[in-house]
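Colleague: generate a structure from the sequence data that follows.
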Amino acid sequence: MLSVFLLALSLAMDAFAAAVCCGVQAKGLQLRDSARIGLWFGGFQTGMTLIGGLFGHQLSQWLWQIGALVAFGLLAFLGGRMLWEGLSPQEAQTGIKYDLTPGSLAALALATSLDALAAGISLAYLDTGLLAASGVIGLVALTLSAAGGFLGRQIGGALRRWAGLAGGAVLLLLGIRILLEAIG
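Modeller: Residues are numbered from 1 along each chain as shown. Down below sits the predicted model:
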């Protein structure tokens, strides 16, 4: 079970970084919003792990590469938007407004959980059952993402513009990393 927990921590790092970005960008983020962020990311990590474990052998390499392209596109778009808004002169005066709509959260959760799909395939080689491992992975992602949203809120209040720029750069770099792993 230790190997599953360590896997869960590594899978949750992308989600944590994206959640911090959400917390930085969202004005007036409440504790319940951090919980919602955690639920979205944890739910997608769990679901993608289950899908990978159940259908992994049927998924072909080209499907994984298409998924990596989708993840790159979503993260590049969201990260680019954060960078653009952070560099905009008007945003320096009014602050960046970011929505935590289900669509935005689902796009980020999907983009950051595609690696859980591949991890689900590898769970067949561990002693742990798929449901238990998926639950641990989802719970770790939920916890770290909720904490990341709250941490982002704390950072964002004082350093919103700079934190937004850094967050946009992080999302863009995550997208590039996913793309490079898929093609390399």
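Colleague: going by C-alpha atoms from here, please, whenever you check contacts or count neighbours.
Modeller: Fine.
Colleague: where does the residue nearest to Ala71 when sequence neighbours are not counted sit, in terms of helix or strand?
Modeller: With C-alpha to C-alpha, 6 or more residues apart in numbering as the measure, Ala111 is the residue that lies nearest to Ala71, at 4.3 Å, once sequence neighbours are left out. Secondary structure assignment for Ala111, by DSSP states H and E: helix 102-122.
Colleague: other SSEs contacting that helix?
Modeller: If you count contacts as 3 or more C-alpha pairs under 8 Å, 6 or more residues apart in numbering; DSSP states H and E, helix 102-122 packs onto helix 2-25, helix 31-55, helix 61-87.
Colleague: looking at those helices, spot the one closest to Leu165.
Modeller: helix 61-87 (5.1 Å; C-alpha to C-alpha).
Colleague: confidence score at the spatially most central residue of the chain?
Modeller: Within the chain, the residue whose C-alpha comes closest to the C-alpha centroid is Ala15; the distance, by C-alpha atoms, centre = their mean, is 2.9 Å. The pLDDT attached to Ala15 in the predicted structure is 89.
Colleague: that one and Thr143 touch, don't they?
Modeller: No - counting by C-alpha atoms under 8 Å, Ala15 does not reach Thr143; the two are 10.3 Å apart.
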